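[1] Could you look at this predicted model? Sequence included:
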Amino acid sequence: MNPFTEKVVKQIKAIPKGKVRSYSEIAREAGNPRGARQVARILHSMSAKYDLPWYRVVNAQYHVSLPAGAARDQQINCLRQEGIDVDDQGRIDLSQFKRKAD
């Protein structure tokens, strides 16, 4: 496995329950700011093998980017089960991730 792929796998595994990250955030932190599509390919090809929480990775607008169908429904359901507020169109309410003022 190449170093970028290793970093991506490690970052995806580290996404805590109830949180999401974007493809572009993961790519940037793995050392390739233009590697969002590579992150998507890694998720597609390695999720089962490495037991990656693929459903916690969303697009840059924090929307589910899968086309309509079973996989999209599964992602939305998984996110909801973890307490993430996501509507039927796959849009995530970002206010749930903002820090509350002390």
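    Sure thing, it's come through.

[2] okay, the nearest residue to residue 43 once chain neighbours are set aside: pLDDT?
    Among residues not flanking residue 43 along the chain, residue 54 sits closest, at 5.0 Å (CB to CB, 6 or more residues apart in numbering). To be clear about C-beta, it is placed using only N, CA and C from the backbone, and glycine gets the same treatment. Per-residue confidence (pLDDT) for residue 54: 96.

[3] ok, how many other residues are close to residue 54?
    Applying other CB atoms under 10 Å, we find 21 residues neighbouring residue 54.

[4] List the residues that contact it.
    12, 43, 47, 75 (CB atoms under 8 Å, 6 or more residues apart in numbering).

[5] do the same with residue 24
    Residue 24 neighbours (CB under 8 Å, 6+ apart): 33, 36, 39, 60.

[6] Now do the third one against residue 30, distance only.
    Distance check for residue 39 against residue 30: by CB to CB, to the nearest Å, it reads 8 Å.

[7] out of those two, which sits in the busier spot?
    Neighbours were counted for residue 39 and for residue 30 using other CB under 10 Å; residue 39 has more, 25 against 22.

[8] Validate this expectation: that one resides in a strand.
    No: Residue 39 is assigned helix when assessed by DSSP: H, G, I helix; E, B strand; the rest coil, not a strand.

[9] what touches both of residue 39 and residue 30?
    Common neighbours of residue 39 and residue 30 (CB under 8 Å, 6+ apart) are residue 8.

[10] doesn't residue 28 make contact with residue 4?
    No: using CB atoms under 8 Å, residue 4 is not in contact with residue 28, being 11.5 Å away.

[11] follow-up on the earlier one: ok, and the most crowded of the contacts of residue 54?
    Neighbour tally across the contacts of residue 54 (other CB under 10 Å): the maximum, 22 neighbours, falls on residue 12.
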